[in-house]
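S.K.: predicted model, plus sequence, below.
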2 protein chains.
Amino acid sequence: MRRGAEAKEVVVDGVRAAILNGEMSPGQRLVEAELTEAFGVTRGSVRSAFADLAAEGLVERIPNRGVRVRRVSVAEAVAILECRGVLEGLIAARAAMRVDADQTAQLEEIGDAMRVAVASGDVLTYSRLNSRLHAAVSEIGAQPVAADLISRLRSQIVRHQFQLSLRPGRPQVSLPEHLAIIDAVVARDADAADRAARRHVESVIAALQQDETAPAAGGNPVEVGVD
Amino acid sequence: MRRGAEAKEVVVDGVRAAILNGEMSPGQRLVEAELTEAFGVTRGSVRSAFADLAAEGLVERIPNRGVRVRRVSVAEAVAILECRGVLEGLIAARAAMRVDADQTAQLEEIGDAMRVAVASGDVLTYSRLNSRLHAAVSEIGAQPVAADLISRLRSQIVRHQFQLSLRPGRPQVSLPEHLAIIDAVVARDADAADRAARRHVESVIAALQQDETAPAAGGNPVEVGVD
DNA sequence: CCAGACATCATTGTTGACAATAGTATCGGC
DNA sequence: GCCGATACTATTGTCAACAATGATGTCTGG
C-alpha cells in the first residue's frame, strides 16, 4: 500500500480520471472506505485527496455525509467558459507580444498538422494537437497565474467538453478558430489574438448550449476532449 | 475550545486577518503548535486550515517543514492583477448589460459618496465605498465564477493593495477610474465598462510597479486597502 | 581551530481507535 | 395497516499517541 503524500496524489489523479471517463458520474457519492480499498491507500489519504478535489471544485463536501461528484449545470459551464474566454484572451494577447521566431515556426507547424488531421478526420490527432496548441500558447504567453486558473476551470467541465468534442462536425467549426488564434499570435497582433481566443471560447459556449437538449457520450476519452 | 469545522474556519479567518494587518509577514513560518494554542483549537483543525489556506494560495506548504506565509513578489502581483483585470472587465461588461433602474440609482449614490469622501480626504469612507462598489458591480454582473476567482486572487495580494491604498494621492487617481466604471455601467455600455474596469486595474499595476522601490505601510488596515 | 559524524530536539506526518451523525430497519400503539 | 418512536448500522469526523523527518548543537579526530 502506498503511503503519505504520494498516496493522496494517486487518489486525486484516479478520481480525476474516473470523472473524465465517466466511471464516476455527477452526483455520485464517493465513500471513503470504498476508495480506500480501490486505491490501496489509507483512509487519511483519501480524506486528504477529497480536500484537494473539493478545493479544485471537482467534488463537493456535504457535512457528515461525505463527498459527491460535483454536478455542473450547463449554465454553470457557460459561466466557467466565460471566465476562461477572457483569460485565454489575455494569454493569447501576451503570447502575441512575446512570440519569437522559433515559437512562430512551432505554432505554424501545429496549425498545418491540424489542417491535415481535420481533413483526414483524425479526431484523436486533432485533439492532441489541440492540447499542444493550448500548451504552446500558454507557454509563450508566460502567464502562469492565468494558465493555472484556466486549468482549474477546465477540469471542472471536462465532461461537458468531452461530450462536445464528440459532436460530428465540431472539428470543422473549431479548426478555423484555432487557426485564427495561431495567425494572430504569429502576426504579433495582440488585439486580434485576444479577439480570436475569445471568439473560440464563445463558439464552445454556443455549441454547449445547443447541445443542452441533445446529449451523448459515455465512451472512453483517451485524450480527446480538449476543444 | 472550539471544535470541528467551525474551529477550522476560526483559524482560516484568523490567519487571513493576521496576514492582512501584517501580524504575519511573508516568509514567516507558521508552527502548528503555536496556532493551536493561539486560537484554542486542536492541531487537526490547524492542519485542516492550512490545507485550505494553501489551496487559496495564501500560504505554502513545504513537505516536512510546515507552512510559510506566501511571499508574492511584485512581478507575481502584477500577473495576478492582469488576470483580475480581464475578469473585472467581464463582470463590469455583464453588469452593464443587466443593470436595472434600482441598481443604477445605487451605483450613482456610491459614486456621489465617493466624490465627497475623496474631496474631504476621508480615506476610510472611500475604502468602504470602494468595497461597496465592487460588491454592487459583482452582484449586478451575476458572474459568481468570476467573482469567486477575483476574491481568491485579491486575497493573495491584500498586502500589496493595502500598501498602495496608503499612498498619498492614490484616491485622486482611482476616483475618476471608479466613476468611469459607474458611468459605463449606468450607460449600459458593456464595451466601455469592460475598458474602464481594465483601465482601473492597469492603473493599480502601474502604481504597484512604481511603488516597488518605495515601500511603506505596517499600520492597521481596519477596512482600508481594497483599491 | 575546523570538518565531519553523531546525538538531540522541535516539528510535522500518519495511524488506528473512538465519537458523532445520518440514514434505515424494526417494533409497538392506535 | 399505518404512523411514530426507537434501536441499529453505515459512514464520516475527531483525537491523541506514535513515527518520521529535518534542523540544531555537540563531540571527536585531525
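M.R.: Arrived safely. Keep in mind that this is a model prediction, so the values were computed, not measured.
S.K.: can you pull the contacts of A:L153?
M.R.: A:I80, A:L81, A:C83, A:R84, A:L87, B:V145 (C-beta atoms under 8 Å, 6 or more residues apart in numbering or on different chains). Every residue, glycine included, has its C-beta placed from N, CA and C.
S.K.: hey, where'd the helices end up in chain A?
M.R.: For chain A, the helices defined by DSSP state H cover A:4-20, A:32-39, A:43-56, A:74-98, A:101-119, A:123-141, A:144-156, A:158-165, A:170-186, A:190-211.
S.K.: now do the third one: which elements does it pack against?
M.R.: This points to helix A:43-56. The elements that helix A:43-56 packs onto, with contact taken as 3 or more C-beta pairs under 8 Å, 6 or more residues apart in numbering or on different chains; DSSP states H and E, are helix A:4-20, helix A:32-39, strand A:59-62, strand A:66-69, helix A:144-156, helix B:43-56.
S.K.: mean pLDDT added to those, as a markdown table?
M.R.: Formatted as a markdown table, the helices and strands packed on helix A:43-56 follow (pLDDT from 0 to 100):
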| stretch | mean pLDDT |
| --- | --- |
| helix A:4-20 | 91 |
| helix A:32-39 | 95 |
| strand A:59-62 | 96 |
| strand A:66-69 | 96 |
| helix A:144-156 | 97 |
| helix B:43-56 | 96 |
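S.K.: among those, which is nearest DNA strand C?
M.R.: Minimum separation from DNA strand C across the helices and strands packed on helix A:43-56 (C-beta to the nearest atom of the strand) falls at helix A:4-20, 2.5 Å.
S.K.: any bit of the closest one sitting next to DNA strand D?
M.R.: No. Helix A:4-20 lies out of reach of DNA strand D by C-beta under 7 Å from any atom of the strand, never closer than 8.1 Å.
S.K.: how close does A:L153 sit to DNA strand D?
M.R.: For A:L153, the distance to DNA strand D equals 26 Å [C-beta to the nearest atom of the strand, to the nearest Å].
S.K.: any idea how far DNA strand C is from the residue nearest to A:G27 when sequence neighbours are not counted?
M.R.: Distance criterion C-beta to C-beta, 6 or more residues apart in numbering or on different chains; nearest residue to A:G27, sequence neighbours excluded, is A:R71 at 5.0 Å. Distance of A:R71 to DNA strand C, given as C-beta to the nearest atom of the strand: 17 Å.
S.K.: do the same with A:A187
M.R.: Per C-beta to the nearest atom of the strand, A:A187 is found 48 Å from DNA strand C.
S.K.: need the helices and strands packed on helix A:43-56 in JSON lines (columns: distance to B:I205).
M.R.: Formatted as JSON lines, those follow (distance: least, C-beta to C-beta, whole Å):
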{"stretch": "helix A:4-20", "distance to B:I205": "34"}
{"stretch": "helix A:32-39", "distance to B:I205": "44"}
{"stretch": "strand A:59-62", "distance to B:I205": "35"}
{"stretch": "strand A:66-69", "distance to B:I205": "39"}
{"stretch": "helix A:144-156", "distance to B:I205": "13"}
{"stretch": "helix B:43-56", "distance to B:I205": "22"}
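S.K.: so which of those is nearest A:V123?
M.R.: Of all these, the one in closest proximity to A:V123, counting by C-beta to C-beta, is helix A:4-20 (16.5 Å).
S.K.: and the residue nearest in space to the middle of chain A, how far from A:I182?
M.R.: Of all residues in chain A, the one closest to the mean position by C-alpha atoms, centre = their mean is A:R154, 3.8 Å from it. From A:R154 over to A:I182 the distance is 20 Å, taken as C-beta to C-beta, to the nearest Å.
S.K.: for the nearest residue in space to A:L129 that is not next to it in sequence, give me its contacts.
M.R.: In this structure, A:L129 finds its nearest non-sequential neighbour in A:M114, 4.9 Å apart by C-beta to C-beta, 6+ apart. Counting by C-beta under 8 Å, 6+ apart, A:M114 makes contact with A:Y126, A:L129, A:N130, A:L133, A:L175, A:H178, A:L179.
S.K.: same question, A:A51
M.R.: By C-beta under 8 Å, 6+ apart, the contact set of A:A51 is B:S48, B:A51, B:D52, B:A55.
S.K.: go ahead and confirm the first one touches B:E6.
M.R.: Put plainly, it is B:S48. No. The pair B:S48 / B:E6 is not scored as a contact, 11.3 Å apart, by C-beta atoms under 8 Å.
S.K.: give me the more crowded residue out of those two.
M.R.: B:S48 (22 against 10; other C-beta atoms under 10 Å in any protein chain shown).
S.K.: for the more buried one, which non-adjacent residue is spatially closest?
M.R.: Counting by C-beta to C-beta, 6+ apart, the residue nearest B:S48 is B:K8, at 4.6 Å.
S.K.: wait, the one you found touches B:D52, no?
M.R.: Yes. Taking C-beta under 8 Å as the definition, B:K8 is a contact partner of B:D52 at 7.0 Å.
S.K.: who has more neighbours out of those two?
M.R.: Between B:K8 and B:D52, B:K8 has the larger neighbour count (other C-beta under 10 Å), namely 23 against 19.
S.K.: look up how far B:L58 lies from the more buried one.
M.R.: 14 Å.
S.K.: could the contacts of A:A51 go into a markdown table alongside distance to A:Q163?
M.R.: Shown next, in a markdown table, are the contacts of A:A51 (distance: C-beta to C-beta, whole Å):
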| residue | distance to A:Q163 |
| --- | --- |
| B:S48 | 35 |
| B:A51 | 32 |
| B:D52 | 32 |
| B:A55 | 28 |
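S.K.: from the residues you listed, pick the one nearest B:R188.
M.R.: Closest approach between the contacts of A:A51 and B:R188, by C-beta to C-beta: B:A55, at 37.4 Å.
S.K.: so what's the closest residue to the closest one other than its chain neighbours up against?
M.R.: Nearest residue to B:A55 in three dimensions, chain neighbours excluded: A:A55, at 3.7 Å (C-beta to C-beta, 6+ apart). By C-beta under 8 Å, 6+ apart, the contact set of A:A55 is B:A51, B:D52, B:A55.
S.K.: again, but for A:A92
M.R.: A:V137, A:G141, A:I181, A:A184, A:V185, A:A193, A:D194, A:A196, A:A197.
S.K.: save the residues you listed as CSV, and put in distance to A:F162 too.
M.R.: Conversion of the contacts of A:A92 to CSV gives the following (distance: C-beta to C-beta, whole Å):
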residue, distance to A:F162
A:V137, 21
A:G141, 25
A:I181, 21
A:A184, 27
A:V185, 26
A:A193, 26
A:D194, 27
A:A196, 23
A:A197, 21
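S.K.: just the buried subset of the residues you listed, written out for PyMOL, thanks.
M.R.: Per 16 or more other C-beta atoms under 10 Å in any protein chain shown, the buried members of the contacts of A:A92 correspond to this PyMOL selection:
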select buried, chain A and resi 137+141+181+184+185+193+194+196+197
